[in-house]
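Participant: got a sequence here, can you model it:
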Amino acid sequence: MIFHRTHLCLGLLCVCAWIPGCKDKDEIKVYRVSKPETQQGDAPENGEMRGQMGFPMSADAPVAPPSQVTGNPPQNWEAQPLSSMRQASYLVKGDNGAIADISLVTLAGPAGGDLDNVNRWLSQLGRPAITGEQLGQMARHVTSPLGEVTVVDLEGLPQGADAAKDGRIVAGIVSGDSGTFFFKMRGNAALVESQKAAFIQWIGTVRLAGPFHP
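Facilitator: Reported below is the predicted structural model:
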């Protein structure tokens, strides 16, 4: 009887000693690993391809290297910083906070053609696309040192847009061996109208100051 009790006690002791060991082995420990914070500037910038004023180009359009141009802008156009795509950049201000953004963007190659780019501009103003026949009826042509520029005048205010800064686009396209040049003025509709004649006159003065390497 004493023999059985002794073995029983020893067995219980073994079981008690074994249970904590199992618990330690079976227990799953979860560690929380902090995700590294994104450093400012880690994400690539879209730059001019994004374009606050919206440029007439597709995301995969080839970008031409910088090439200086010369021209005779009006004195009331305020020069703005240039970029690898903007060969000319101006801001004109009107009454009650009205503004218009003016630019000359250069791209290598045909850059999509006139109709595709005009329809892209229309979409920026919340307007439907047009046909090639309609484009022929609405476009005018301006002679410039860069070639014959196709000019369009488009109106429309996108949903939620600020009428002081948007509502009209007057733009021109010319393509040649040197690439494609986009003249664009976008901003308050009345201000753009008041600057339209000066804009078209400026187009006629713009020329390359050096060789263009697409």
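Participant: all helices for this structure, in order.
Facilitator: 2-26, 114-124, 132-138, 189-203 (DSSP state H).
Participant: for the last one, name the packing helices and strands.
Facilitator: With contacts taken as 3 or more CB pairs under 8 Å, 6 or more residues apart in numbering; DSSP states H and E, helix 189-203 sits against strand 99-107, strand 140-144, strand 147-155, strand 167-176, strand 179-188. C-beta: built from backbone N, CA, C; applies to glycine.
Participant: adding mean neighbour count, write those out as a markdown table.
Facilitator: Shown next, in a markdown table, are these (neighbours: other CB atoms under 10 Å):
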| stretch | mean neighbour count |
| --- | --- |
| strand 99-107 | 23 |
| strand 140-144 | 14 |
| strand 147-155 | 18 |
| strand 167-176 | 23 |
| strand 179-188 | 25 |
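Participant: how about those in JSON lines, adding mean pLDDT?
Facilitator: Output for the helices and strands packed on helix 189-203, formatted as JSON lines (pLDDT from 0 to 100):
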{"stretch": "strand 99-107", "mean pLDDT": "94"}
{"stretch": "strand 140-144", "mean pLDDT": "94"}
{"stretch": "strand 147-155", "mean pLDDT": "96"}
{"stretch": "strand 167-176", "mean pLDDT": "94"}
{"stretch": "strand 179-188", "mean pLDDT": "95"}
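Participant: mind putting those strands into CSV with distance to Phe199?
Facilitator: Shown next, in CSV, are the helices and strands packed on helix 189-203 (distance: least, CB to CB, whole Å):
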stretch, distance to Phe199
strand 99-107, 7
strand 140-144, 10
strand 147-155, 9
strand 167-176, 6
strand 179-188, 5
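Participant: for Thr131, find the nearest of these.
Facilitator: strand 147-155 (13.6 Å; CB to CB).
Participant: go through the helices of the chain and find the least confident stretch.
Facilitator: Here the lowest mean pLDDT among the helices of the chain goes to helix 2-26, at a mean of 47.
Participant: quick one, what contacts Ala161?
Facilitator: Gly167 (CB atoms under 8 Å, 6 or more residues apart in numbering).
Participant: distance check, Pro73 against Leu104.
Facilitator: Counting by CB to CB, to the nearest Å, the separation of Pro73 from Leu104 is 10 Å.
Participant: which ones are touching the nearest residue in space to Asn119 that is not next to it in sequence?
Facilitator: Of all residues not flanking Asn119 in the chain, Ala129 sits nearest, at 4.1 Å (CB to CB, 6 or more residues apart in numbering). If you count contacts by CB under 8 Å, 6+ apart, Ala129 has them with 119, 122-123.
Participant: nearest to Lys196, out of the helices and strands packed on helix 189-203?
Facilitator: Taking CB to CB, strand 167-176 is the member of those nearest to Lys196, at 5.4 Å.
Participant: what packs against the closest one?
Facilitator: When contacts are defined as 3+ CB pairs under 8 Å, 6+ apart, strand 167-176 sits against helix 114-124, strand 147-155, strand 179-188, helix 189-203.
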